[in-house]
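# just the structure for this:
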Amino acid sequence: MIELEILVEINELYEKAKSKLSKYNFTKETLMEDIYFYDPLRQNLKPNEIGKTFECLRIRNYDNESKITYKQDVYEKDVWQYSNENEISVDNFKEAEHIF
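All right, here's what the predicted structure looks like:
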C-alpha cells in the first residue's frame, strides 16, 4: 500500500474550516496517538534547534492497531518532500512504550 498524505494549514477556527469542507464527501475520522523517542546521544534522532526532524523513532496507535516506526525525512532545499518509513506492528501500545 502507498499512503498519500496531504497536509493543509488552516488559519481559521476549526468549525468554520469544517463547514467549508462540508461540500466534500466524508470518508472517516481517525484518532492517532503518537509517542516520539529521542536519544540524547544520537544527534540524528533529535530535532534540530528549530524543531525540524530528519530521523525519528515513533510508536503510533490508531484504529486499534499499534506500530513502531523508524522514519527518515527527505528535504529538498530545506523543504520537506516525503518520509521513508520502516514499521512493524506490535500487539500492545503501552507495553511497547514501556520497553522504550
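
# below-threshold pLDDT in the chain: ranges please.
Scanning the chain for pLDDT under 70 picks out 1-5, 7.

# which parts of it are helices?
Counting by DSSP state H, the chain has helices at residues 14-21, 93-99.

# okay, and the beta partners of the residue nearest the centre of the chain?
Compute the mean C-alpha point of the chain, and by C-alpha atoms, centre = their mean the closest residue is residue 34, 7.0 Å away. Taking DSSP bridges as the rule, residue 34 bridges to residue 60.

# and it, how far is that from residue 78?
Distance, residue 34 to residue 78, by C-beta to C-beta, to the nearest Å: 24 Å. Any C-beta I mention is one placed from the backbone N, CA and C, and that applies to glycine too.

# equivalent analysis for residue 58, please.
For residue 58, the distance to residue 78 equals 22 Å [C-beta to C-beta].

# between the two, which is the more surrounded one?
Each of residue 58 and residue 78 has its neighbours counted (other C-beta atoms under 10 Å); residue 58 has more, 17 against 6.

# lovely, talk soon.
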